[in-house]
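Undergrad: Below are the sequence and a predicted model; questions follow.
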Amino acid sequence: MGHFDRRGPELHAEQVSLTRIAADVGTPCYVYSRAAIEENWRQFNAAFGDYPHRVCYAVKANSNLAILNLLARLGSGFDIVSGGELERVLRVGGDPRNIVFSGVGKSEWEIRRALDVGIGCFDVESTAELRLVNSTAASLDTAAPVAIRVNPDVDADTHPYIATGLNQAKFGIALEQALDAYRLAAEMRHVSVLGVACHIGSQITELAPFEDALERLLRLVEDLEETGIPIEHVDVGGGLGVRYRDEQPPSAREYVSALIEGMCKRGFDLPITIEPGRSIVGSAGVMLTRVEYVKRTPVKQFAVVDAGMNDLIRPALYAAWHDILPVALSATGSTQRYDVVGPVCETADVLGQDRVLDVAQGDLLAVCTVGAYGWVLSSNYNSRPRPAEVMVDGDQFYLIRNRETMDEMCAAESILPE
Ligand SMILES: *Cc1c(COP(=O)(O)O)cnc(C)c1O
């Protein structure tokens with residue numbers, strides 16, 4: 001875990017005891033390490049050396065303003081998928097010119113706003129979208145910078161974890177239709193073609209799918225150049241995996257080296273954009289939760305905790321594994337098997353199955369590697385206020401989102417008149 005280590009019996013985030021944070025802000029809460037986030041980002045950036053590049057953090061992985069602001073201070077670019085994400089990036093001082101806008105369903109108002117603020121690139125995913133981007137740019141008397149996101153159809157048999165880069169996916173424009181889409185774009189008066197883009201999926205733990213996708217992209221770039229459509233950058237998306245249990249994902253350095261090598265092998269030295277999300281924030285967060293009850297049935301033992309699937313949906317949604325650790329090691333050391341479950345009225349509300357733990361009522365647990373796709377996927381299901389978020393920085397910690405209050409939870413709703 002790196003920035004989440006035990007000091008004596010007590011789990012810490014950097015220099016701060018997690019027990020102390022839980023006592024201060026309550027549970028459930030998410031705790032992030034500033035050093036971990038910054039180190040992860042810097043590793044990607046440094047791996048490029050002098051090679052021209054842009055690291056655009058994928059905002060959807062964790063969009064807390066404090067995190068976006070820290071990354072903006074490092075000079076990060078941002079990959080956004082909505083007008084809401086655009087506003088967040090702008091509010092923390094992110095440079096619009098370093099924003100790429102992805103997503104299959106951009107609305108007209110989102111395109112207009114992005115053009116207004118001067119974003120760096122639209123990653124266009126259909127010819128219908130291309131037309132709307134062109135007409136919106138025309139109405140603003142400007143030209144929209146675009147890349148076309150192609151779907152490289154990377155072979156699922158050999159790389160079973162890829163979800164978005166297959167030809168059945170809703171994402172991107174099929175490789176065989178890409179040339180026509182580029183010809184259409186090149187003829188448009190209010191579109192300026194800058195790049196090619198792809199994003200083949202998430203939690204990818206091998207290099208081969210990335211290498212295959214890049215090679216297919218570069219073959220397209222060659223065809224485009226022959227057609228007289230020059231390309232200025234290649235965006236290879238995000239998707240590098242993290243270690244949740246026993247995965248061995250490539251390091252940022254190995255990943256970036258493979259991309260640069262792939263470029264050179266085909267005789268290119270085009271600037272590379274990457275859009276890592278999970279691999280920047282995933283390992284940088286834990287969720288603290290308290291054991292409310294220990295419950296024994298004739299066939300099972302449950303540790304019922306105060307965080308549920310509304311707070312962290314990954315186990316219920318993806319059958320995802322997250323390590324669950326006691327925050328303080330007990331002296332007894334007598335472990336048993338528990339299903340760690342939340343209070344939500346769904347059988348799927350399980351954080352971890354068959355976990356070997358030494359727990360008692362009132363104990364604190366840390367659910368690990370939840371910095372990505374954790375809080376952002378939380379909801380108010382069962383009318384549970386969303387959890388607090390804390391950022392640790394050395395021996396200090398800061399509340400970066402307060403626990404939602406009952407008033408906040410109800411604020412947007414109203415009842416009918418008498
Ligand atoms: C989700 C997404 C990313 C980030 O993916 P990670 O697996 O979190 O790195 C990058 N680019 C696009 C277009 C995405 O949709």
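TA: In hand now; what should we look at? These numbers were taken from a predicted model, which means no experiment stands behind them.
Undergrad: For the rest of this, base every contact and every neighbour count on C-alpha atoms.
TA: OK.
Undergrad: give me the beta-bridge partners of the closest residue to Asp323 other than its chain neighbours?
TA: Leaving aside its sequence neighbours, Asp323 sits nearest to Cys368 (Cα to Cα, 6 or more residues apart in numbering; 5.3 Å). The partner list for Cys368 in beta bridges (DSSP bridges) reads Val286.
Undergrad: tell me which parts of the stretch 251-400 of the chain are close to the ligand?
TA: Residues of the stretch 251-400 of the chain that fall close to the ligand, judged by Cα under 6 Å from any ligand atom: Glu275, Pro276, Gly277, Arg278, Ser279.
Undergrad: Among those residues, which one has the most neighbours?
TA: Among these, the one with the most neighbours (other Cα atoms under 10 Å) is Ser279, at 29 neighbours.
Undergrad: ok, the residue nearest to Asp323 to Arg245 distance?
TA: 10 Å (Cα to Cα, to the nearest Å).
Undergrad: Compare the two (neighbour count), which wins?
TA: Taking other Cα under 10 Å, Cys368 and Arg245 do not tie; Cys368 has more neighbours (24 against 12).
Undergrad: who's in contact with the more buried one?
TA: Contacts for Cys368 (Cα atoms under 8 Å, 6 or more residues apart in numbering) come out as Tyr244, Ser283, Gly285, Val286, Met287, His322, Asp323, Ile324, Leu325.
Undergrad: Just the pLDDT for it.
TA: Listed pLDDT for Cys368 reads 98.
Undergrad: Please apply the same query to Thr164.
TA: 69.
Undergrad: Also Tyr161?
TA: For Tyr161, the pLDDT comes out at 46.
Undergrad: same deal with Pro326?
TA: As predicted, Pro326 sits at a pLDDT of 97.
Undergrad: cool, and Ala156?
TA: Predicted confidence (pLDDT) for Ala156: 42.
Undergrad: To what extent is Leu317 buried, counted in neighbours?
TA: Leu317, neighbours per other Cα under 10 Å, totals 11.
Undergrad: what do you get for Leu329?
TA: Counted with other Cα under 10 Å, the neighbours of Leu329 add up to 16.
Undergrad: Which neighbours do Cys368 and Arg245 have in common?
TA: Jointly contacting Cys368 and Arg245 under the rule Cα under 8 Å, 6+ apart are His322, Asp323.
Undergrad: In the stretch 301-418 of the chain, which residue sits closest to the ligand?
TA: Closest residue of the stretch 301-418 of the chain to the ligand, Cα to the nearest ligand atom: Ala372 (7.2 Å).
Undergrad: do you know how far that residue is from Asn62?
TA: Applying Cα to Cα to Ala372 and Asn62 gives a distance of 6 Å.
Undergrad: show me what contacts Val117?
TA: Pro96.
Undergrad: what about Gly94, is that helix, strand or coil?
TA: coil (DSSP: H, G, I helix; E, B strand; the rest coil).
Undergrad: Could you report the distance from it to Gly84?
TA: 14 Å.
Undergrad: Point out where the stretch 51-200 of the chain drops to low pLDDT.
TA: The stretch 51-200 of the chain contains residues with pLDDT under 70 at 155-165.
Undergrad: Residue numbers of it in contact with the ligand?
TA: So far as Cα under 6 Å from any ligand atom goes, the stretch 51-200 of the chain lies against the ligand at Ala58, Ala61, Ser102, His199.
Undergrad: which of those residues lies closest to Thr335?
TA: Ala61 (34.1 Å; Cα to Cα).
Undergrad: Was I right to think the closest one contacts Glu275?
TA: No. If you go by Cα atoms under 8 Å, Ala61 and Glu275 don't touch, sitting 10.7 Å apart.
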